[in-house]
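Asks: Need coordinates for the below:
(one chain, ligands or ions: 1)
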Amino acid sequence: MNNFKHKKSLGQNFLKDETILNNIVNAVDLQKNDLVIEIGPGQGALTKKIQEKKVNLICYEIDERTKPYLEKIKESKTNIIYEDILQADIYGDIQDYKYENLYVIANLPYYITTPIIKKIIDSNLNVKTMLLMVQKEVAERFCAKSGSKNYGSLTIYLNYFYEIEKLFDVPRTCFNPAPNVDSAVVKFQKRDNKFKVLNEDNFFNLVKNAFRQKRKNLKNNLENYDLNKINDILNNYNLSLKNRAEEIPIEVFVTISNNL
Ligand code: SAM
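Replies: Numbers count the residues shown, from 1 in each chain. Next up, the predicted model:
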């Protein structure tokens, strides 16, 4: 394609499969008065597909060596910010835009997948949908249901804010260079929070503590809480303190947290 030297340390595996690129941007109904944030445009493969939808687009790219490629495809509705997404003031950057819905679309640099998603959640941006290419195992963790070994405090944290669905797998051969792992595209759809948590800090602390030592049961991990009260609630769901956190659905954690 060109003599660009891909940096493994920056997760630079560029997408080269046209069908996959089209399937990503067509997984949401983008309209021209929407705003899209793209993280890590690289040489612009996905950027060009997003531009075809005529939306407003802000891209964050850490590697200025991509500038010659990105400046070539830049157009009036596209703004490219050469900055580390984890340092960026995303909230400030989107203030001047008037838009209907906000989307995040990215073939993510895998070494910072979770920090990026957490940053977007913490930045209070009101993102409607995120379409994210992530490592396949990570996609499975994001979508895991209680009772599965992939279900953990991160699953609960993310599923509290978003309804998460794996859309399709992407084999390593669709990238240049091919990564050592397979990938999947995941759709995060913002929830109008159905969980009715009374105190989010208490809820997330309860979940974090419940998963503190993965092999231990709730009785051990939650020893500093009112265990009698927790046991009564668990019994209503045919569960007990002998269960481990990975067996407890989000709704049950919510009920426990709200009643403590
Ligand atoms: N979007 C392109 C594609 O699909 O072909 C490239 C995707 S590549 C998997 C990830 C991109 O994220 C690279 O261009 C890399 O330079 C960029 N990147 C890595 N770390 C970043 C960071 N902290 N902030 C912004 N961009 C970053």
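
Asks: from here on, contacts and neighbour counts on C-alpha atoms
Replies: Fine.

Asks: residues in contact with Y160?
Replies: The neighbours of Y160, taking Cα atoms under 8 Å, 6 or more residues apart in numbering as the test, are R191, N193, F195, I250.

Asks: State the helix or strand in which it lies.
Replies: Using DSSP states H and E, Y160 sits within helix 153-161.

Asks: Tell me how far that helix lies from the chain's centre.
Replies: Taking the mean C-alpha point of helix 153-161 and that of its whole chain, the gap between them comes to 10 Å (Cα atoms, centre = their mean, to the nearest Å).

Asks: who touches the helix or strand just after that helix?
Replies: Sequence order places strand 162-170 as the next helix or strand after helix 153-161, per DSSP H and E. The contact list for strand 162-170, computed with Cα under 8 Å, 6+ apart, reads 20, 136, 139-140, 142-143, 182-191.

Asks: rerun at 6 Å
Replies: Contacts with strand 162-170, where a contact means Cα atoms under 6 Å, 6 or more residues apart in numbering, come from C143, S183, A184, V185, V186, K187, F188, Q189, K190, R191.

Asks: ok, now stretch 44-54?
Replies: Contacts to stretch 44-54, defined as Cα under 6 Å, 6+ apart, come from residues K32.

Asks: For this protein, what lies in contact range of the ligand?
Replies: Within the chain, the positions near the ligand by Cα under 6 Å from any ligand atom are 10-15, 39-42, 44-46, 60-63, 84-86, 107-109.

Asks: Can I get stretch 244-255 in CSV, CA atoms only?
Replies: Output for stretch 244-255, consisting of C-alpha atoms alone and laid out as CSV, is shown next (Å, rounded to 0.1, in the frame of the first residue of the first chain):
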residue,chain,number,x,y,z
ARG,A,244,-19.7,-16.3,43.7
ALA,A,245,-20.1,-12.8,42.3
GLU,A,246,-19.9,-14.1,38.7
GLU,A,247,-23.3,-15.9,39.4
ILE,A,248,-25.1,-12.7,40.4
PRO,A,249,-27.1,-10.8,37.7
ILE,A,250,-26.8,-7.0,37.7
GLU,A,251,-30.4,-6.6,38.8
VAL,A,252,-29.6,-8.5,42.0
PHE,A,253,-26.6,-6.3,42.8
VAL,A,254,-28.9,-3.3,42.3
THR,A,255,-31.5,-4.6,44.7
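
Asks: Quick one: mean pLDDT over it.
Replies: Computed over stretch 244-255, the mean pLDDT rounds to 97.

Asks: buried residues in it?
Replies: Across stretch 244-255, burial judged by 16 or more other Cα atoms under 10 Å covers R244, A245, E246, E247, I248, I250, F253, V254, T255.

Asks: hmm, back to that, now the angle from the helix holding Y160 to strand 162-170?
Replies: Angle between the axes of helix 153-161 and strand 162-170 is 120 degrees (criterion: axes from the mean of the first three to the mean of the last three Cα atoms, to 10 degrees).

Asks: And the strands in the stretch 1-150 of the chain?
Replies: With DSSP state E, counting those that start in this stretch as the definition, the stretch 1-150 of the chain shows strands at residue ranges 14-15, 35-39, 56-60, 78-81, 102-107, 129-135.

Asks: Switch these over to JSON lines; also include mean pLDDT.
Replies: What follows is these, written out as JSON lines (pLDDT from 0 to 100):
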{"stretch": "strand 14-15", "mean pLDDT": "98"}
{"stretch": "strand 35-39", "mean pLDDT": "98"}
{"stretch": "strand 56-60", "mean pLDDT": "98"}
{"stretch": "strand 78-81", "mean pLDDT": "98"}
{"stretch": "strand 102-107", "mean pLDDT": "98"}
{"stretch": "strand 129-135", "mean pLDDT": "98"}
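
Asks: Turn those into a markdown table, columns for mean neighbour count.
Replies: Supplementary listing: those in a markdown table, determined by neighbours: other Cα atoms under 10 Å:
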| stretch | mean neighbour count |
| --- | --- |
| strand 14-15 | 21 |
| strand 35-39 | 24 |
| strand 56-60 | 22 |
| strand 78-81 | 17 |
| strand 102-107 | 23 |
| strand 129-135 | 24 |
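
Asks: Would you mind giving these as JSON lines with distance to L222 added?
Replies: Conversion of the strands of the stretch 1-150 of the chain to JSON lines gives the following (distance: least, Cα to Cα, whole Å):
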{"stretch": "strand 14-15", "distance to L222": "44"}
{"stretch": "strand 35-39", "distance to L222": "38"}
{"stretch": "strand 56-60", "distance to L222": "41"}
{"stretch": "strand 78-81", "distance to L222": "45"}
{"stretch": "strand 102-107", "distance to L222": "37"}
{"stretch": "strand 129-135", "distance to L222": "32"}
